[in-house]
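Q: Could you look at this predicted model? Sequence included:
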Amino acid sequence: MTGPQPSQAPTRVLVIANPTAGSATSALLAGVRDQCGAFAPTTLHITTARGEATESVQRALAEVHPPDLVVVIGGDGTVREVVEGLVGTSTANLMIIPGGTGNSAYRMLWADKSWSDALASVFAGTAEPRRLDLARIEETRALVFLGACSGVVAEALVHAKQTVLTGRARYAQALSDAAAAFEPYPGQVIVDGKVLFEGRTILANVGGGRYRGGQYLLLPLSELGDGLLDVVVVSAQVPVQRVPDLVRNGDHLGEPGVFYGRGSRIEVLRTDGQALVFEHDGELQQDVANGMSLQVLSGALRVWCDPAVVPPSTQRELW
């Protein structure tokens, strides 16, 4: 099929909300429920435990009349849980509402549009559906939505627990603190069987989402549905204290000691026999393995987005 087709408005909605996420207030939950309910039958499920979002989506999709729109309110971790429940289905599209701290997932699909305007555009037919690539980490079988990163970005999650700041300022302070204390590790990155980089490593970020922490443009060249994973490696040739400022607007590309690649399978390894510290979608992983190996899942997720933010020229259409 060539060219975009008219969007099909949702007819049944499931809203999954994590009330403990950074900005998922009761007013936000009620606003989303009421706005969806004005257009289609809507069910709101509030999660109470880790993993519950995945189970709730799977149960709803197995019903006689399943939802064709799943709305998630929460941070990037909650979004990943909902995505896990959606993968492999052919009946529902995902709509993300920014209810977390960084909200990288929302930004990559809607930029700075308000959630109410974005949601209205889904029902009005001015938003468009897209297929997004995901990834699977072979060592843990975990699904990756936004991306996975080793090194200083992973260490920043430890520092984030020690700051009283909130919102994106919390991530900014945590990354700065992590950079000040970080010691590069001996690493290797392999893209489709070929070594992209080997040496002292500050970070290696793999994924499809361009932003991490809602504000760091780590993968500026990534296309969300091209069937490939992007990877950027920042080596110790770059002074680690410069990294937070460099990656904020993608200025790290072109710097000596920065390497960029693209492939269907990417391995990020630690070469001294110690466990690699990494994170995926904000979930810290320690003492798991000496590396992470990611395989692309091409076009595995159906999402709503602003067509001006995710152009149709780089994506496969759903209908």
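A: The structure has been received and is ready for your questions.
Q: any weak-confidence spans in the stretch 201-319 of the chain?
A: Applying pLDDT under 70 to the stretch 201-319 of the chain picks out residues 312-319.
Q: Could I get the full set of strands for it?
A: Using DSSP state E, counting those that start in this stretch, the strands of the stretch 201-319 of the chain run over 211-212, 216-217, 229-235, 258-263, 265-270, 278-280, 283-285, 291-305.
Q: right, so of those, which gets closest to R136?
A: Proximity to R136 (CB to CB) singles out strand 291-305 among the strands of the stretch 201-319 of the chain, at 5.3 Å. C-beta here means a position set from N, CA and C on the backbone, and glycine is covered the same way.
Q: quick one: A53 from N103, how far?
A: 16 Å (CB to CB, to the nearest Å).
Q: if we can go back for a sec, so can I have a markdown table of the strands of the stretch 201-319 of the chain showing distance to A120?
A: Shown next, in a markdown table, are the strands of the stretch 201-319 of the chain (distance: least, CB to CB, whole Å):
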| stretch | distance to A120 |
| --- | --- |
| strand 211-212 | 24 |
| strand 216-217 | 28 |
| strand 229-235 | 32 |
| strand 258-263 | 35 |
| strand 265-270 | 38 |
| strand 278-280 | 32 |
| strand 283-285 | 32 |
| strand 291-305 | 11 |
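Q: wait, which of those is closest to A40?
A: Using CB to CB, those put strand 291-305 closest to A40, at 13.6 Å.
Q: Format the CA atom coordinates belonging to that closest one as CSV.
A: The C-alpha coordinates for strand 291-305 follow below in CSV (Å, rounded to 0.1, in the frame of the first residue of the first chain):
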residue,chain,number,x,y,z
GLY,A,291,27.2,-8.1,28.4
MET,A,292,23.9,-7.5,26.8
SER,A,293,22.9,-8.8,23.4
LEU,A,294,19.9,-7.1,21.7
GLN,A,295,18.0,-8.5,18.7
VAL,A,296,15.6,-6.2,16.8
LEU,A,297,11.9,-7.1,16.8
SER,A,298,10.9,-5.3,13.6
GLY,A,299,7.5,-3.5,13.5
ALA,A,300,6.4,-5.3,16.7
LEU,A,301,4.4,-2.5,18.3
ARG,A,302,1.5,-0.4,17.0
VAL,A,303,1.3,3.1,18.4
TRP,A,304,-0.5,6.4,17.8
CYS,A,305,1.7,9.5,17.1
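Q: counting contacts, what elements does it pack onto?
A: Here strand 291-305 touches helix 76-86, strand 93-98, helix 104-110, strand 128-137, strand 147-150, strand 265-270, going by 3 or more CB pairs under 8 Å, 6 or more residues apart in numbering; DSSP states H and E.
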